[in-house]
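Enquirer: next come a sequence and a model predicted from it.
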Number of protein chains: 2
Amino acid sequence: MKRDIFQAIADPTRRAILALIAIQALTPNAMAEKFDMSRQAVSKHIKVLQECELIKPEHSGREIYYHLNPQKMQEIDNWLAQFRKIWETQFNQLDKVLSTMKKQKK
Amino acid sequence: MKRDIFQAIADPTRRAILALIAIQALTPNAMAEKFDMSRQAVSKHIKVLQECELIKPEHSGREIYYHLNPQKMQEIDNWLAQFRKIWETQFNQLDKVLSTMKKQKK
DNA sequence: TAATTACGCAACCTTACGGTTGCAAATATA
DNA sequence: TATATTTGCAACCGTAAGGTTGCGTAATTA
């Protein structure tokens, strides 16, 4: 089945994994130690993240270090762009209201 | 059950709904016309979006206009912030490579 | 008032998700 | 070579997700 970035980040464990390896590449075992679940459960999450290319494997002997793929994370940012204008407009309107209040105060 | 913004935007139909009402507030019926599914199915998605406050209802007689809540959308942006530094760093490194290549060309 | 329209709620069904356990393959170590 | 370690894959299970249909309720209209 085809994986989706948005579906990938829907799970809190997977978001935690992304936050972890954003700091430092980790092996599945190292990740599993951080969570209260089996290594296999964590490996399943890794598989999902890898399928949609949010993380990249780096083989080193029998260990595999997983790295974050920032380019893919940026796709979420790109999607958000269409809404960003809207909340920026709202903030500008808030600024107007605040400056109007200031003027009235004077 | 407690709803989550990230789980809410995991579904492509719900992302489409958000994109639609970002332009203009719509009623459930108006939204349902845009999708190839029943009105009730769309209403279920609306319920999910409303539970996590991504959209807000505005009652007008027997019609309900749903508006986007940009503040809540911004929470996704806030989460992305921790990764944004990383891809910006990568771009800076790309800039360095490019400027080095330019110098060598000269 | 009667009929229509817009909407939400509940029951139901199929499929996907997130977890488990067990096992096989590849690498490192004794 | 025999053993331990690291990982992935497959089977299984309970629950939640996403769709359907049917019905009840409130507001509009004939």
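Expert: Done, it's in. Note that this is a predicted model, so its numbers are computed, not measured. Numbers count the residues shown, from 1 in each chain, chains lettered A, B, ... in the order given.

Enquirer: what about the nearest residue to A:Gln90 once chain neighbours are set aside, distance to DNA strand D?
Expert: In this structure, A:Gln90 finds its nearest non-sequential neighbour in B:Pro70, 5.6 Å apart by Cβ to Cβ, 6 or more residues apart in numbering or on different chains. Quick note: C-beta positions are derived from backbone N, CA and C, even for glycine. Distance of B:Pro70 to DNA strand D, given as Cβ to the nearest atom of the strand, to the nearest Å: 22 Å.

Enquirer: which phi and psi values does B:Pro70 adopt?
Expert: As for B:Pro70, its main-chain torsions (degrees, to the nearest 10) stand at phi -60, psi -30.

Enquirer: my read: it touches A:Gln82, true?
Expert: No: counting by Cβ atoms under 8 Å, B:Pro70 stays clear of A:Gln82, with 11.2 Å between them.

Enquirer: which of those two has more neighbours?
Expert: Neighbours were counted for B:Pro70 and for A:Gln82 using other Cβ atoms under 10 Å in any protein chain shown; B:Pro70 has more, 19 against 13.

Enquirer: mind pulling up the pLDDT for the more buried one?
Expert: Each residue has a pLDDT score; the one for B:Pro70 is 95.

Enquirer: contacts only, for it.
Expert: The contact partners of B:Pro70, by Cβ atoms under 8 Å, 6 or more residues apart in numbering or on different chains, come to A:83, A:86-87, A:90.

Enquirer: what subset of these is buried?
Expert: Buried by 16 or more other Cβ atoms under 10 Å in any protein chain shown: A:83, A:87, out of those.

Enquirer: mind listing which of the contacts of B:Pro70 are in strands?
Expert: Among these, no member falls in strands (DSSP state E).

Enquirer: nearest to B:Thr13 among the contacts of B:Pro70?
Expert: Distances from B:Thr13 to the contacts of B:Pro70, taken as Cβ to Cβ, are shortest for A:Phe83 (16.9 Å).

Enquirer: tell me the pLDDT of the closest residue to the closest one other than its chain neighbours.
Expert: Distance criterion Cβ to Cβ, 6+ apart; nearest residue to A:Phe83, sequence neighbours excluded, is B:Met73 at 4.8 Å. For B:Met73, the pLDDT comes out at 96.

Enquirer: now do A:Met1
Expert: 51.

Enquirer: for chain A, which residues score under the pLDDT cut-off?
Expert: Chain A contains residues with pLDDT under 70 at A:1-2, A:91, A:94-106.

Enquirer: how about the backbone phi and psi for the one residue in it that gets nearest to DNA strand C?
Expert: Residue of chain A nearest DNA strand C, by Cβ to the nearest atom of the strand: A:Gly61 (2.4 Å). Main-chain torsions, A:Gly61, degrees, to the nearest 10: phi 70, psi -130.

Enquirer: next up, the contacts around A:Gln7.
Expert: Each residue near A:Gln7 by Cβ under 8 Å, 6+ apart is listed here: A:52, B:10.

Enquirer: is DNA strand C contacted by the helix or strand hosting it?
Expert: Assigned by DSSP states H and E, A:Gln7 falls within helix A:5-8. Yes: contact of helix A:5-8 with DNA strand C (Cβ under 7 Å from any atom of the strand) involves A:Gln7.

Enquirer: alright, calling it a day.
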